[in-house]
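> got a predicted structure plus its sequence, pasted below:
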Amino acid sequence: MKARIRITAAVLLAAAALSQPALAQSGPIKIGVVTPLSGTYTPIGQQVRWGLELAAKEINAAGGIAGRQVNLLFEDEEANPAVAVQKAEKLFQVEKVDFLAGTVNSGSTLAVAQLAERNDKLAATTVSFADSITADKCSPNMFRVNARAEQQSVALAAWLEKEKPKSKVFYLGPDYEMGRSTVAAFKANAEKTGAQSTGEVFAPLDAKDYTQYFGQIRASRPQVVYTSVAGNDTVRLLTQLQDFGLLSNLTVVGASGTVTSQNIGAIGAAAEGFATGVGYSTQIDTPANKKFVETFRAATKADPDLYGADSYGLLFAYKAAVEKAGSTETAKVREALRGLSWQTPQGEKTIRAGDHQAMQPMYVVRVNKGKFDIIANVPADQAIGPDTCTRF
Amino acid sequence: MSPIDYLQFVLAPQVVNGLALGVAVVLVALGLTIIFGMLDVINMSHGEFYAIGAYVALAMGAAGIGFWFLLVLVPILMVPLGMAAERLLIRPVFDSKDRHVTTLLVTFGLALIVEDVLKVIFGPNTQRPPTPIPGATDLFGIIVPNYRLFLIAVGALIVAGVAYVVYRTRLGAMVRAAAFDRNMAASLGVPVSLVYAGTFAFGVGLAGLAGVLLAPIYSVFPTMGRDFILLAFTVVIVGGMGSIWGAVVAGLLLTQVQALASLVISPVWTDPIVFGTMVAFLVFRPQGLFGRLGHA
Amino acid sequence: MRDRLTTSMRASHVLALIFVVAALCLAAFGAATGDTFYLRLGTEALIFAGLALSVDLLLGYSGALSLGQALYFGIGAYVSALTLMKVPSFWLAMGAAFLVTLAAAIIGGLIANRVRGVYFALITFGLAQVFAKVVYNTRELGASDGMIGVPVIQIGLGPFSVSAASPAGFFLVVLGIIMGLYALTAYLLDTPFGRVLTALKANEKRVPFLGYSVWRARMAAYVFAGLVAGLSGALYPMLRGFVSPELMFFATSGNAVISVILGGVGTLIGAIYGSVLLVILKSIIGSWTEHHLIVIGLLFMACVMFLPKGMVGFVRPRIERLLGREPAAPEPAPPSSATIKSGSAA
């Protein structure tokens, strides 16, 4: 009996899959979004979702992409590459989406890139900042519109050189691949500009207590602490630094994901003075950004952060590319995306043809009364770093 | 680095900070070991009760209720929750053949649900209540935040109070009797069913209390329940299931091992070390340091 | 010559047969309609069914709850991926996964089998946790990103050759392997060795008096379960083209336990049905709400509390009655609840 139900269910599912006509080149453009809606990365997935939804709403209100409405289809990837790939395949195969976005952790992005290649579809990330995605593990089917680790490090190091020349820096990263590579990237850039490294320590991911590393920090008497922890870990690290009175004569700098609108409330006063190199701030003083922040707040009752802004901007790149290509076909859109320049709330972005990495003006922002004040700018071409992708 | 510097900046603070973390772990493990030792129930949702306590404290704190009042109020509010969980989830499967596995599975299911429910109600973002006692104290050149000193003191008080109740009162005697031999206790007039429900609720209340106390240090988020659970289980096993003193000694010892080991090896390896200790105890001394309560 | 155990095992085989027929129908239908996603999803469900099978072998037959079975699944997957990236040979990858999992399961078994019951659950949980962390931090294994770039392979089966990229073809290969593992497990449990295991679960203290070594039986079951998990895991990178440390995380082990509970503990085939059900549930509920944990958690708890034999416990007694009514059965028909009921533990 149960087996019959199973067969029926399978038949129904398969039939449902087939009955959806392949609306190629007419009807709405479908964009799949595979992003963490549950688990630790939920706050980031939420920003991705808000940014994309807002962009889709605006594009649809203005007549859609080449006259076709945009339809977003969300799937929860649970921040797990195995789930991400399964959900992405569903979107590619069953929903026949034209484009895919949303992956957060770099493992998911890399796995989805490979899947996109094998399905001959295009995908983009607006969050993952591991350099490898557009460097040694680049894919002809993956684009990145957010700033990668290298861009962030260059911007931050350039500012540090001016602000605190030849300062003594201590590095504290989360002990996994991303943490180690961000620390290494910043260290290289900082040392290039004359900073002196006094020590480094890697704490386990989800560490409860960072106080056990404070001894080493105090003993090495740094002027600057660089950190690339994120999420809850930042809340703990910074508030514990504050509780121990270490923040008073220390400049804390870090990766762009370290302090975001998602955790700044929980960090509170301990976030004051934190500086980072980033591709976005709500304080960017352009009419485009002011309008974006306003509508974002009205729609979500929250501030956009870099993830929300980069996700918002992505859809406009896709729109420009499809309209330029006159089609949603993979090869044509890929060609159109390569070298594409388009306007975003963050300013003009350009996708470098050689590695599919977006070039964009970088900002150094510093937390002041709970807001990210822009304290320095680095032009897009100075922050981008060399193209090391050799696959295409 | 000179040896004096090393002692003052690195070694001594490491020991003191390890102590504060140790107290935190003991607080979480206390309820776990009581439920384990007396009811023979593995409560996989203990971490989620800890999270509920922290969230309730956060919400009530935001509504203007003072921290000192919360310290009393939240554990009391957790008691009916614990009673309900025991009646609805533990009692129906308590007499099944493999109680350990069945209760473990039921509470595992509960943990999944609670985590998601917390996210629905409070949102996915990290939150943090203000530190109730701000500032830091300079103890011979070692800076310790006042709230951590308070935590260590309160932790000691709580442990002493719980130990007093369990080992020195009539109530505790009834509980221990019920844990040792249920039928014997019942025939001596101990209301076994009520004692079981009460013990479970007591453990849940302790988890809630730990939530209130630790939220200002470790912050509050939906998955926080997973945070301490492996460490707490290790403490319970090393200390001996159900042994309060065992939990205290093991909790303080393990966190010191962790803190000091992280000075010489990569901190990532401290988890395997702690776990290795658990394995070693399970293999060579499964009754733990202090043996099982009621069975000693 | 049939006793209750044999009858319930046969009833499971009937369910297995129904499963295979249903799967073949799905494969035929999928191939006919050119479907890719559902066949590949089904393949993934089968691969995780292998993991659930190994959990059920331990939980249902020796009473040991493993909360870290994904450890062997992950080892199988990583070894297979590493082998395939060097030499794209199906049999070599399976062989390598077999050998490494065998070694790992013997080491793990030596540790975990020192203890019983809930301690066993905690120790397996910890073993997997620690090992996953080590992989997560090992750059040579791709660290937290995992490894992509596992090639699409051709699987040589005598005169035939199937591409892992062919949805229906690879589905059938995996179906064959997983059902083969099921049959092998069921066969082993029907031998005297299997009976010792069942006896262990019923009353551990009496088994030594019958002249059997408790430790040896338990160890054999543990290593065999590890191999089942490892061989299933070895299929994963062939399907998805990558491996990631999440395959070893508690979420994977936990899902296998949930599958076994949903399907029915101690029924073997229940583990396979349970996995398929869980995948369907996750796929449907997951598209509908991101709070799928609440739904799955509730279902899971309801099963633990009210359906100790899961879905299969619902259906199997009926099949047993049918089998019991077969003509050449002089013995009295088994009672309706003819599942493996054991005496109360001493």
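That came in fine, so what should we check first?
> give the contact list for the residue in the stretch 101-250 of chain C that chain A sits nearest to.
Using Cβ to the nearest Cβ, the closest approach of the stretch 101-250 of chain C to chain A is made by C:Ala143 at 3.7 Å. For the C-beta atoms, the positions are set from N, CA and C on the backbone; glycine is no exception. Residues in contact with C:Ala143 (Cβ atoms under 8 Å, 6 or more residues apart in numbering or on different chains) are A:Tyr176, A:Glu177, C:Tyr136, C:Asn137, C:Pro245.
> would you mind confirming that the third one makes contact with C:Ser244?
Read it as C:Tyr136. No - judged on Cβ atoms under 8 Å, C:Tyr136 makes no contact with C:Ser244 at a distance of 9.4 Å.
> of the two, which one has the most company?
C:Ser244 (31 against 24; other Cβ atoms under 10 Å in any protein chain shown).
> list the contacts of the residue in the stretch 151-300 of chain C that chain A sits nearest to.
Of all residues in the stretch 151-300 of chain C, C:Glu290 sits closest to chain A, at 3.6 Å by Cβ to the nearest Cβ. The contact partners of C:Glu290, taken as Cβ under 8 Å, 6+ apart, are A:Leu37, A:Ser38, A:Asp76.
> give me the subset of those touching chain B.
Residues of these in contact with chain B (Cβ under 8 Å from any Cβ of the partner chain): A:Ser38.
> nearest to B:Val23 among the contacts of C:Glu290?
Relative to B:Val23, the closest of the contacts of C:Glu290 is A:Ser38; by Cβ to Cβ it sits at 32.3 Å.
> helix or strand for C:Thr252, just tell me which one.
Here C:Thr252 is covered by helix C:250-263, with elements defined by DSSP states H and E.
> residues from the stretch 101-250 of chain C in reach of chain B?
Contacts of the stretch 101-250 of chain C with chain B, taken as Cβ under 8 Å from any Cβ, map to C:111, C:114-115, C:117-119, C:121-123, C:125-127, C:129-130, C:133-134, C:137.
> now do 7 Å
On the criterion Cβ under 7 Å from any Cβ of the partner chain, chain B has as its neighbours in the stretch 101-250 of chain C the residues C:111, C:114-115, C:117-119, C:121-123, C:126, C:129-130, C:133, C:137.
> and those residues as TSV, adding neighbour count?
As requested, those are exported to TSV (neighbours: other Cβ atoms under 10 Å in any protein chain shown):
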residue	neighbour count
C:Ile111	16
C:Arg114	16
C:Val115	20
C:Gly117	16
C:Val118	22
C:Tyr119	19
C:Ala121	27
C:Leu122	26
C:Ile123	25
C:Gly126	26
C:Gln129	20
C:Val130	21
C:Lys133	22
C:Asn137	22
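> in helices, which of those fall?
Per DSSP state H, helices hold the following members of these: C:Ile111, C:Gly117, C:Val118, C:Tyr119, C:Ala121, C:Leu122, C:Ile123, C:Gly126, C:Gln129, C:Val130, C:Lys133.
> as JSON lines, these with distance to B:Thr223 and pLDDT would be great.
Shown next, in JSON lines, are those (distance: Cβ to Cβ, whole Å; pLDDT from 0 to 100):
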{"residue": "C:Ile111", "distance to B:Thr223": "28", "pLDDT": "87"}
{"residue": "C:Gly117", "distance to B:Thr223": "28", "pLDDT": "77"}
{"residue": "C:Val118", "distance to B:Thr223": "24", "pLDDT": "79"}
{"residue": "C:Tyr119", "distance to B:Thr223": "26", "pLDDT": "82"}
{"residue": "C:Ala121", "distance to B:Thr223": "21", "pLDDT": "87"}
{"residue": "C:Leu122", "distance to B:Thr223": "20", "pLDDT": "83"}
{"residue": "C:Ile123", "distance to B:Thr223": "24", "pLDDT": "86"}
{"residue": "C:Gly126", "distance to B:Thr223": "19", "pLDDT": "84"}
{"residue": "C:Gln129", "distance to B:Thr223": "15", "pLDDT": "83"}
{"residue": "C:Val130", "distance to B:Thr223": "20", "pLDDT": "83"}
{"residue": "C:Lys133", "distance to B:Thr223": "17", "pLDDT": "82"}
